[in-house]
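**Student:** sequence first, predicted model second:
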Amino acid sequence: MPDGEIFNGQKNVLPDAYIKELNVGDLLENDEFNPLIYHKTKTAVSA
């Protein structure tokens, strides 16, 4: 998941328990479900 992504209200592949915690506009920053694979200012991101 790129850095700074937000929840748009669509479930997609996210588990129900995680969806219940989210509101539209929340940052998707849970590494268990949304590992960081791209960062706008860092040249390397380790997974």
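**Tutor:** It's in. Residues are numbered from 1 along each chain as shown.
**Student:** what residues are up against residue 6?
**Tutor:** Contacts for residue 6 (Cβ atoms under 8 Å, 6 or more residues apart in numbering) come out as 25, 26, 27, 28. Using the backbone N, CA and C atoms, a C-beta is placed for each residue, glycine as well.
**Student:** separation between the residue nearest in space to the middle of the chain and residue 17?
**Tutor:** The centroid of the chain falls nearest to residue 28 when counting by Cα atoms, centre = their mean (2.8 Å). Counting by Cβ to Cβ, to the nearest Å, the separation of residue 28 from residue 17 is 15 Å.
**Student:** low-confidence ranges in this protein?
**Tutor:** By pLDDT under 70, the low-scoring segments of the chain are 1, 39, 42-47.
**Student:** show me where it has its helices.
**Tutor:** 16-21 (DSSP state H).
**Student:** circling back: so how do I select the buried members of the contacts of residue 6 in PyMOL?
**Tutor:** Buried residues among the contacts of residue 6 (16 or more other Cβ atoms under 10 Å), as a PyMOL selection:
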select buried, resi 28
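**Student:** which one of the contacts of residue 6 is nearest residue 40?
**Tutor:** residue 27 (13.8 Å; Cβ to Cβ).
**Student:** pretty sure that closest one contacts residue 2?
**Tutor:** No: applying Cβ atoms under 8 Å, one finds residue 27 not in contact with residue 2, separated by 11.5 Å.
**Student:** what do the two both touch?
**Tutor:** Common neighbours of residue 27 and residue 2 (Cβ under 8 Å, 6+ apart) do not exist.
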